[in-house]
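Visitor: Show me how the following folds:
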Amino acid sequence: MSRKRLESEEVIVRVGQDEIRMTLTAFLLPSFFLMLGAMLIVVSMFLPYWRMTLKAPQYPKGLHIEVYVNKITGDVREVDLLNHYIGMPKLEEAAQLERSFSIIVIAVLALLLMAGVFIHNPWAGVLALPAILYPAIFLADLAYWLYTFGHSLDPKAPLAGSIQPFTPPVLGEGVVGQFRTMASLGPGLILAIGASLVILIGLWFHRRAYKPIVDARKRQAQRVEVRSS
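Guide: Modelled structure (predicted):
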């Protein structure tokens, strides 16, 4: 066998191996990013999603509240006592339905993403959409409850006339009476937002990998339809 022929065959083998690697990468990347998104969402439920600190002269270290998807922790008793004087409901009364189903909802979101790994058509995007929108839905629900609590003051409370209806800020600083509030995202919600970005990247790679296949199937179906007509 001539030397040129051997070199030619080596080139063909290398090209074939490169094509295999590129093909595997193209189809594995969507699965990797979708699975990573599912993992980030699951991990997020063990971390606080939202934090608020209330500061006043009588509380130099501040009062701290942390909101998880299924519970509220921190200085809940002290804050509830202060809220009692202005007629605001107890913190535990907020989002009871949402908190009771939160773990199930997050599990379903993760399962939908995992199902999207095995779907090689645009329906993968439909399955991933709830997980993408999840952080925005959480923030919208949080804003709703902050507004509801700030506008549900009991007129019979001891200091009812001292505070007008208000809406605590979802993010940033605010003022309630003599208290200065500071609200921020917790690591759990940051992870959920990161999961949304990772999922979008995964869907981009998914479309890049499977669109040629879907288009080829459509063209084949059109040819069959033309022949049969």
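Visitor: so what's the closest residue to Leu185 other than its chain neighbours up against?
Guide: Spatially, and ignoring its direct neighbours in sequence, Leu185 is nearest to Trp50 (6.5 Å; Cβ to Cβ, 6 or more residues apart in numbering). Yep, even glycine has a C-beta here, placed from its N, CA and C like the rest. Residues near Trp50 by Cβ atoms under 8 Å, 6 or more residues apart in numbering: Glu66, Val67, Leu142, Val170, Ala183, Ser184, Leu185, Gly186, Leu189.
Visitor: Got the phi and psi for the first one?
Guide: Reported as degrees, to the nearest 10, the phi and psi values for Glu66 are phi -120, psi 130.
Visitor: Which strand residues bridge it?
Guide: Arg51, Thr73 (DSSP bridges).
Visitor: Go ahead and confirm it touches Pro48.
Guide: Yes - using Cβ atoms under 8 Å, Glu66 makes contact with Pro48 at a distance of 4.0 Å.
Visitor: and for those two, which residues touch both?
Guide: In contact with both Glu66 and Pro48: Thr73, Gly186, using Cβ under 8 Å, 6+ apart.
Visitor: picking that back up, for the contacts of Trp50, which two are the farthest from each other?
Guide: Glu66 and Val170 (14.9 Å; Cβ to Cβ).
Visitor: wait, what's in contact with the residue nearest the centre of the chain?
Guide: The residue lying closest to the centre of the chain (Cα atoms, centre = their mean) is Ala192, at 3.3 Å. Shown in contact with Ala192 (Cβ under 8 Å, 6+ apart): Leu40, Ile41, Ser44, Tyr49, Tyr134, Pro135, Phe138.
Visitor: What is the host helix or strand of Leu129 packed up against?
Guide: Leu129 belongs to helix 123-150 when assigned by DSSP states H and E. Applying 3 or more Cβ pairs under 8 Å, 6 or more residues apart in numbering; DSSP states H and E, we find helix 123-150 packed against helix 3-44, helix 96-117, helix 187-228.
Visitor: so for that helix, what's the average pLDDT?
Guide: Taken as a whole, helix 123-150 has an average pLDDT of 96.
Visitor: tell me the angle that helix makes with helix 96-117.
Guide: 170 degrees (axes from the mean of the first three to the mean of the last three Cα atoms, to 10 degrees).
Visitor: Tell me the buried residues in helix 123-150?
Guide: By neighbour count with 16 or more other Cβ atoms under 10 Å, helix 123-150 contains the buried residues 124-125, 127-128, 131-132, 134-135, 138-139, 142, 145-146, 149-150.
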